[in-house]
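Participant: Got a predicted structure here, sequence first:
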Amino acid sequence: NAGVMQNPRHLVRRRGQEARLRCSPMKGHSHVYWYRQLPEEGLKFMVYLQKENIIDESGMPKERFSAEFPKEGPSILRIQQVVRGDSAAYFCASSLLFGLHTGELFFGEGSRLTVL
Amino acid sequence: DAKTTQPPSMDCAEGRAANLPCNHSTISGNEYVYWYRQIHSQGPQYIIHGLKNNETNEMASLIITEDRKSSTLILPHATLRDTAVYYCIVRVDGNKLVFGAGTILRVKS
C-alpha cells in the first residue's frame, strides 16, 4: 500500500512563475492537509481539504496561494507569481477518518520549492 | 488552547532509553497528546498518542501524568537512526495539528 505521494520532490522556479505541487493521499483517505516548512523553522499548517471541499484554510496566505482536492485525482497546491520567500518544503498529509482522534496523519516526503 | 513546552535539545547514548518530556498544563479534558518526529529533510512520522492512560507500541511508550499536565515519550533503546526533532502536540484546533518547535534529540555512539 503506497504511502502519501508528493511530486515533484524538487521544483525550481524563477520569480513570477507559477508552482504546482501535487499530493496523492493514501488509498482510501479522503482528508488532505498541507503544511509549509521554511528553512530552519517548524511546520506551519496551511489548509485542510476533503474531496471537493476546503474545510479550513486559515493558514493559507490571502494572495497567490490556492488549493484544491477534486473528486478525481490528486490534491493540488498552487502558488502563483512566486517570490523568494516562498522557497520552502511543502508537506502533504492524509488521514482516513474525520477529525484527528485516530491520532495519525500520514505525511509525504515533501516537495522542496526553490525560487531563484 | 493547550500549548506545549519541550526542551530545545537533548542528548542520549546509543542503546540507552531516551526520555523526552513535555509540559501541557492547560490541556483540556478531551484533548489528546500526540507525538511525531521528523528525521532530517523527511516528512513527519507519527509515533504514538494517548488521552490519559499510558500507551505503548512498537516504537515507543507514552507516560501521561495523572493530572495530564505533562507527559514523557520513552524510546526504550535509542539508536542513531532515532536522531530527529520530536514534537509533542496537544492542540487540536478544528481538524489540524499545530506543531511547535519540538526537541532535537541527538543519539550519540
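Facilitator: Here it is on my side, so go on.
Participant: would B:I27 count as being in a helix?
Facilitator: No - counting by DSSP: H, G, I helix; E, B strand; the rest coil, one finds B:I27 to be coil, located in no helix.
Participant: residues near it, how many?
Facilitator: By other C-beta atoms under 10 Å in any protein chain shown, 22 other residues sit near B:I27. Every C-beta, even on glycine, is put in place using the N, C-alpha and C of the backbone.
Participant: is it true that it touches B:R68?
Facilitator: Yes - taking contacts as C-beta atoms under 8 Å, B:I27 lies within contact range of B:R68: 5.4 Å.
Participant: Overlap in contacts, the two.
Facilitator: Here B:I27 and B:R68 have B:V33 as joint contacts, going by C-beta atoms under 8 Å, 6 or more residues apart in numbering or on different chains.
Participant: Would you tell me which residues of chain B are close to chain A?
Facilitator: Counting by C-beta under 8 Å from any C-beta of the partner chain, chain B comes close to chain A at B:32, B:34, B:38, B:41-46, B:48-49, B:92, B:94-102.
Participant: From B:K69, how far off is the residue lying closest to A:S87 once chain neighbours are set aside?
Facilitator: Among residues not flanking A:S87 along the chain, A:V115 sits closest, at 4.8 Å (C-beta to C-beta, 6 or more residues apart in numbering or on different chains). As judged by C-beta to C-beta, to the nearest Å, A:V115 and B:K69 stand 43 Å apart.
Participant: ok, the two, which is more surrounded?
Facilitator: Each of A:V115 and B:K69 has its neighbours counted (other C-beta under 10 Å); A:V115 has more, 19 against 14.
Participant: Might one say that that one is in contact with A:R15?
Facilitator: Yes - using C-beta under 8 Å, A:V115 makes contact with A:R15 at a distance of 6.1 Å.
Participant: who touches both of the two?
Facilitator: With C-beta under 8 Å, 6+ apart as the test, A:V115 and A:R15 both reach A:82-84.
Participant: ok, now which ones touch the residue nearest the centre of chain A?
Facilitator: Residue closest to the mean C-alpha point of chain A, counted by C-alpha atoms, centre = their mean, is A:W34 at 3.4 Å. A:W34 is in contact with A:23, A:45-47, A:49, A:67, A:75, A:77, A:90-93, counting by C-beta under 8 Å, 6+ apart.
Participant: buried set for stretch B:71-85?
Facilitator: Neighbour-count burial for stretch B:71-85, with 16 or more other C-beta atoms under 10 Å in any protein chain shown as criterion, is recorded at B:71, B:73-75, B:78, B:82-85.
Participant: show me where chain B has strands.
Facilitator: Using DSSP state E, the strands found in chain B span residues B:9-13, B:18-23, B:33-38, B:45-50, B:55-56, B:61-64, B:70-75, B:84-89, B:92-93, B:96-97, B:103-108.
Participant: where does chain B dip in pLDDT?
Facilitator: Scanning chain B for pLDDT under 70 picks out the ranges B:1-2, B:91-95.
Participant: follow-up on the earlier one: now do the same contact list for the residue nearest to A:S87.
Facilitator: Going by C-beta under 8 Å, 6+ apart, the list of residues near A:V115 reads A:12-15, A:82-87.
Participant: can you list the residues you listed in JSON lines and add pLDDT, neighbour count and secondary structure?
Facilitator: Listed next are these as JSON lines, based on pLDDT from 0 to 100; neighbours: other C-beta atoms under 10 Å in any protein chain shown; DSSP: H, G, I helix; E, B strand; the rest coil:
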{"residue": "A:V12", "pLDDT": "98", "neighbour count": "13", "secondary structure": "strand"}
{"residue": "A:R13", "pLDDT": "98", "neighbour count": "19", "secondary structure": "strand"}
{"residue": "A:R14", "pLDDT": "97", "neighbour count": "8", "secondary structure": "coil"}
{"residue": "A:R15", "pLDDT": "97", "neighbour count": "11", "secondary structure": "coil"}
{"residue": "A:V82", "pLDDT": "98", "neighbour count": "21", "secondary structure": "coil"}
{"residue": "A:V83", "pLDDT": "97", "neighbour count": "12", "secondary structure": "coil"}
{"residue": "A:R84", "pLDDT": "96", "neighbour count": "9", "secondary structure": "helix"}
{"residue": "A:G85", "pLDDT": "95", "neighbour count": "9", "secondary structure": "helix"}
{"residue": "A:D86", "pLDDT": "96", "neighbour count": "20", "secondary structure": "helix"}
{"residue": "A:S87", "pLDDT": "96", "neighbour count": "16", "secondary structure": "coil"}
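Participant: Please consider this matter closed, and thank you.
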